[in-house]
Every structure is written in structure tokens, then in C-alpha cells.
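S.K.: return atomic coordinates for the entry below.
(one chain, ligands or ions: 1)
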Amino acid sequence: MHWTHSTRFMHCTHRTCRTHRTQETKDQEYPGVFTQTYGSPLNGVAALEAHILHKRFRGGDALRDCSFRLPAGRICALVGPNGAGKSTLMGLASGMLGADGGRIRVFGEDPRSAQARGQVAFLSQSKPLYPGLTIAETLRMGRELNPGHWHQETAERLVRAGDLPLHAKVGTLSGGQRTRVALALCFGKRPRLLMLDEPLADLDPVVRHEITGLLMAMAAEHGTTVLMSSHTLREIDEVCDYLVVLTQGHVRLAGEADDLLNAHSVLVGAMPGNDSGLPPSLAAHVVIESRVAGRQVTALVRREDRVLGTWDVHEPSLEELLLAYLRSPDAPTLLTPSAQPQLHPQSQPTAENAGGSASGPRTNQEYAA
Ligand SMILES: Nc1ncnc2c1ncn2[C@@H]1O[C@H](COP(=O)(O)OP(=O)(O)OP(=O)(O)O)[C@@H](O)[C@H]1O
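M.R.: All right, here's what the predicted structure looks like:
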């Protein structure tokens, strides 16, 4: 593995690289997405799949009717405002929490099963480590907990790259250094699905750059699927090729970042002179968000082949897209074909985990509605 290569180089070698993936490949992979005919989902076992997933805490619903599919091999950003349910979703996917309704599957398995646990590494926000153990003892624990699939060299290399002595006690490390050790535990497991809950928040810019490079290298070299929650839109733009946006416990957007961008337009135009509110031609669009500054209106809308009225039209940046959805918690859901759960009989909610708001199977059209 090329640990010292720059993020830019790693980005170029990533087989799903947003910048360098060809249009031809995209067309083969996602026929129909550009015409917004949300057809059959793609085949293959998903790294993560949720069907009308529901999780309730005492204070109320943390996840409601949460449905999406994350294909294997993607680097996916899990984005949403504080309290949207991101950590809860990762807790369910790691088997640390149980669902109140619906289903969640990791490579087709129940997350609480031994098969799924062996394939998943999860770094939670609290980054639980034993402060009394040395780094070496912590890594030994990783080896003992993951017999048969522990890569000591991978874990040690990450620790050494941060100039951390293996005999140092975890309790004496800074927050960022502890994060490095926690990441080493995750990387040493070499999981098929790596879930990171705001992993970069306490890292300095140089270490962030190093870690994002490593994530992309893992995805490229081992086909690791990465699900990473983050509030840093620039990082998401640089690292992730797949997006899941959660607001109020509900999936609003899921799919390839490029295709989600392509499915939206930003319209910029003049406000009508008669103080009658927004331009009437906006009503012909599915408006996610509109903002007025002086006499100018800017709206993020679902893309249409024909734009009515007089507008300057451009494709949104990732930041424009995400901010519009984060500010519009009631936006209609949009899933690209690869993000649509594959509904087959054994994927339907069962009595074993029923109890949420599930009322029966949904069609793809409903998911995309
Ligand atoms: N153990 C718990 N007990 C009770 N309520 C909880 C628990 N965990 C989460 N919640 C509630 O569930 C909702 C979703 O929380 P969650 O931590 O999943 O959000 P999040 O998107 O990860 O937020 P943040 O960006 O702030 O980390 C919140 O309203 C939160 O208060």
C-alpha cells in the first residue's frame, strides 16, 4: 500500500473517483438516472441496506422509515444536521443498537450476527479505548478480538506514522493521537465495511489529509466500503463518491454524488417587480429551497429538461446541494437506482423486528417520490 502518497494521487487511483470516472462508465452503471426514470435497482450484495428502519428512544423517534442501499466499494458521506440520526444509524449497522422496526443488513447479514461483526469496523464519536493500556497492548487486544483477520503491520504503520511510541499509555495521548490509535484498531481489522462517526473532527489538517488518503487507498486496494459521517462539506467533496443525507431521521438523498448533482439545477433570476412573491414559473419545478437576496432569487430545484421562465441555470456545487437539503428538512426523497433497496420477500419486515411505522412494502417509485 502506498502510505506516503498524496491524497490527490490516491484520489486518482480510486476506481470510483468522481473526477476521473468516465461518462461511459456512468452511463453503463446508471442507465436512466439522467432522465429521472428511477428504474430497477442494480444487482449485487449491498454493503449496507436499510428497509423502512425505525429506531425510537425515550425522547422520540431517532430514525423513521429509513430506506436506502449502499453498494459495496463506495466511500459514502453520511450527512445531516445535529440530531438527524447519523450515529443511531451507525449504531444499528454495527449491531450495537437493535431496531424497533424495519430491517438493516450488512452484506446481507443481520448486523448482530457473527458473520456481520467480523466484516465491520466502527469508530464511534466517543472512540472508546482503555486509558490504562499502552498502544502495543491496545493493538494486541485488537489482534485477540479479531482472530484470523488482523493485520498487525497495517495497524502499527498507522501508529508509527504519527510518531507514537508503542509503549505510550493511551491515557497520556492527546485527543487527536487517541483518534489515530482508534483508527489503527479499525484499519488493522481490515474490514469490508468501515464506519467512522466524525472521525476527522479532532485531527490537525496534515493528519486529516493523511487519513483521507488512507481511506481512499483502502477503498481502492481492498474494495473497502467506507461510511463516514461528517459536517465538513469540503472534505466530503474531496473524499466521497456516494452520499446519504438524513434529516429528522429520514433519508432525503442517497446515491452517487455526481448523479445527485446532475439531478438538480440552480436557477438564478429576478424577483417580479410587483411584490407578488416568488416568480410563478418556479411552481413548475420541484423546489428544494429558494432564497431571496434583494431583487434576486436563487432556487435549487430538481432538474427538468425544460426550464420555464427566464433563469440563469447551472449545476449546483456539492456544497450548494447539501446546504439546500440540510436547510429543507421536508424536501422530497430522491434515491438513485443503486441506492434503492432491493425488495424481495425475505427482505420484508418480519414479526421478529416489527413494531415501527412499517405498513408494508414500498415500490421504487415511492422511495423516489
Ligand atoms: N442513547 C440515547 N438515548 C436517548 N436518545 C438518544 C440516544 N441516542 C440518540 N438519541 C436521540 O436520537 C436523535 C438522533 O441522535 P444521533 O446521535 O443519532 O444524531 P446525529 O445525527 O448523530 O447527531 P450529531 O451530528 O449531533 O452527532 C437525537 O434526538 C438524540 O437526542
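
S.K.: C-alpha from now on. contacts and neighbour counts both.
M.R.: Will do.

S.K.: tell me who's in contact with the residue nearest to A331 when sequence neighbours are not counted.
M.R.: Closest residue to A331 apart from its sequence neighbours, by CA to CA, 6 or more residues apart in numbering: I288 at 5.7 Å. The contact partners of I288, taken as CA atoms under 8 Å, 6 or more residues apart in numbering, are 299-302, 324-325, 328, 331-332.

S.K.: where does I288 land in three-state SS?
M.R.: strand (DSSP: H, G, I helix; E, B strand; the rest coil).

S.K.: and the closest residue to L321 other than its chain neighbours, how far is that from E320?
M.R.: Residue nearest to L321 in three dimensions, not counting chain neighbours: L261, with 7.0 Å by CA to CA, 6+ apart. Distance, L261 to E320, by CA to CA, to the nearest Å: 9 Å.

S.K.: just want to know which of those two has more residues nearby.
M.R.: L261 (19 against 15; other CA atoms under 10 Å).

S.K.: next up, the contacts around the more buried one.
M.R.: Contacts of L261 by CA under 8 Å, 6+ apart are 315-318, 321.

S.K.: got TSV for the residues you listed, with distance to the ligand and neighbour count too?
M.R.: Conversion of the contacts of L261 to TSV gives the following (distance: CA to the nearest ligand atom, whole Å; neighbours: other CA atoms under 10 Å):
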residue	distance to the ligand	neighbour count
E315	27	16
P316	24	20
S317	22	16
L318	19	17
L321	18	21
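
S.K.: can you put those in CSV and add secondary structure, distance to N82 and pLDDT?
M.R.: What follows is those, written out as CSV (DSSP: H, G, I helix; E, B strand; the rest coil; distance: CA to CA, whole Å; pLDDT from 0 to 100):
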residue, secondary structure, distance to N82, pLDDT
E315, coil, 27, 93
P316, coil, 23, 95
S317, coil, 22, 95
L318, helix, 19, 95
L321, helix, 18, 96
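
S.K.: now flag whichever of the residues you listed is closest to Q115.
M.R.: Q115 lies nearest to L318 out of the contacts of L261, by CA to CA, at 35.6 Å.

S.K.: so what's the closest one up against?
M.R.: 233, 237, 257, 261 are the contacts of L318 under CA under 8 Å, 6+ apart.

S.K.: my guess is the first one contacts E320, does it?
M.R.: Meaning L233. No: here L233 lies out of contact with E320, judged by CA atoms under 8 Å, at a distance of 9.7 Å.

S.K.: what sits closest to the residue in the stretch 101-250 of the chain positioned nearest to the ligand if chain neighbours are left out?
M.R.: With CA to the nearest ligand atom as the measure, G249 is the residue of the stretch 101-250 of the chain nearest to the ligand, at 7.1 Å. Nearest in space to G249, with sequence neighbours left out and distances taken as CA to CA, 6+ apart, is L63 at 3.9 Å.

S.K.: need the next SSE after the helix or strand where the one you found lies, C-terminal direction.
M.R.: Here L63, judged by DSSP states H and E, is contained in strand 60-71. Where DSSP H and E defines the elements, the next helix or strand beyond strand 60-71 is strand 75-79.

S.K.: is that next one anywhere near the ligand?
M.R.: No: using CA under 6 Å from any ligand atom, we find that strand 75-79 stays clear of the ligand, coming within 7.9 Å at best.

S.K.: stretch 96-104: which residues count as buried?
M.R.: Under the neighbour-count criterion of 16 or more other CA atoms under 10 Å, stretch 96-104 has 98-104 buried.

S.K.: among those, name the ones in helices.
M.R.: Among the buried residues of stretch 96-104, none falls in helices (DSSP state H).

S.K.: would you reformat those residues as a markdown table and include distance to the ligand?
M.R.: Formatted as a markdown table, the buried residues of stretch 96-104 follow (distance: CA to the nearest ligand atom, whole Å):
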| residue | distance to the ligand |
| --- | --- |
| G98 | 12 |
| A99 | 13 |
| D100 | 13 |
| G101 | 15 |
| G102 | 17 |
| R103 | 17 |
| I104 | 15 |
